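*Asks:* need coordinates for the following:
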Amino acid sequence: MEAFKFSTHLSDFLSSYPNAENIVKAAANGGEQSKIAIARLWLSEGIPYAFKDNPALYETVRSWLGVRLSVDPKEISLTGSGRIGQSLAPAKIGTGFGEHSDLDLFVVSSDLFEKVVKNFNEWSYDFESGVVNPSNGRERGFWESNIYSVPRNIEKGFIDSKYIPSISKYASAQNIAQTMWLLKSKLDITEKAPRVQSASIRCYRSWGEYVRQVVKSL
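*Replies:* Residues are numbered from 1 along each chain as shown. Here you go, the predicted model:
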């Protein structure tokens, strides 16, 4: 019989909100298992930094989102600086969470993932066949870029609904857009709630694909 072994690169991670630079260092030097541990535990579980002063509100928000999106609240979590208190984005590494930040949510639900993918396929067909058209050249540029970039993300098991126009025909994507707008508006008038610039949500097909994507990012 052998004792449990764990990466020594994670031995100093003693809180829910480790320093961003320490995360990057552990991910760079600790190998695949360290990255997986960081993705599973520190970047997806527990009470997020954004709600550390009011944990009950976090659960209330998840329950509300669960009803709005028809998913189990347990499938909903928070990532980004709102999760650990600092940004892990290369250009903003270590930048603290605050009113300038976005609330980056994600949901792991194969059902919602497939609904949003269906909306994307419907929209991309409508766009390429001229059924729907962008309002200006700038928007056209974004749409043309999304037509090619989003399918690559779908192959990896995730999709960002914000890349689908909020049109009633694409019901699931529109519902998510409206829900994110309502979420920010409700947080703005809620006591002890985080104040943020905006809220968005990413849909993953499975937890395995979530972990793989985060490991790749790390």
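*Asks:* just give me how far stretch 22-36 sits from the chain centre.
*Replies:* Relative to its chain's centre, stretch 22-36 lies at 20 Å (CA atoms, centre = their mean, to the nearest Å).
*Asks:* meant to ask about stretch 179-195
*Replies:* That offset, for stretch 179-195, works out to 17 Å (CA atoms, centre = their mean).
*Asks:* what do you get for stretch 74-93?
*Replies:* 8 Å.
*Asks:* show the average pLDDT along it.
*Replies:* For stretch 74-93, mean pLDDT is 92.
*Asks:* now the helices for the chain?
*Replies:* 20-29, 31-37, 55-69, 81-84, 110-128, 137-156, 171-188, 207-217 (DSSP state H).
*Asks:* which residue is the nearest non-sequential neighbour of residue 37?
*Replies:* Using CB to CB, 6 or more residues apart in numbering and skipping residues adjacent in sequence, the residue nearest residue 37 is residue 10, 6.0 Å away. Where you see a C-beta, it was placed from the backbone N, CA and C, and this is true even at glycine.
*Asks:* actually residue 100, not the one I typed
*Replies:* residue 197 (6.3 Å).
*Asks:* what about that neighbour, neighbour count?
*Replies:* Neighbours of residue 197 under the rule other CB atoms under 10 Å: 11.
*Asks:* that one and residue 104 touch, don't they?
*Replies:* No: at 11.0 Å, residue 197 does not count as touching residue 104 under the criterion of CB atoms under 8 Å.
*Asks:* in stretch 187-199, what's buried?
*Replies:* 187, 193, 194, 196, 199 (16 or more other CB atoms under 10 Å).
*Asks:* kindly report the same for stretch 77-95.
*Replies:* 77, 78, 79, 80, 81, 82, 83, 84, 85, 86, 87, 88.
*Asks:* ok, the fourth one - contacts?
*Replies:* Right, the one you point to is residue 80. Residue 80 is in contact with 87, 88, 101, 102, 103, 104, counting by CB atoms under 8 Å, 6 or more residues apart in numbering.
*Asks:* before we move on, the earlier item: residue 46 versus the residue nearest to residue 100, what's the distance?
*Replies:* 24 Å (CB to CB, to the nearest Å).
*Asks:* kindly report the same for residue 176.
*Replies:* In terms of CB to CB, residue 176 sits 24 Å off from residue 46.
*Asks:* higher neighbour count, the two?
*Replies:* Set residue 176 next to residue 46 and count neighbours by other CB under 10 Å: residue 176 wins out with 28 against 17.
*Asks:* once you drop chain neighbours, what's closest to the more buried one?
*Replies:* Nearest one to residue 176, counting by CB to CB, 6+ apart, is residue 161 at 4.4 Å.
*Asks:* before we move on, what about residue 9?
*Replies:* Closest to residue 9 by CB to CB, 6+ apart is residue 30, at 3.4 Å.
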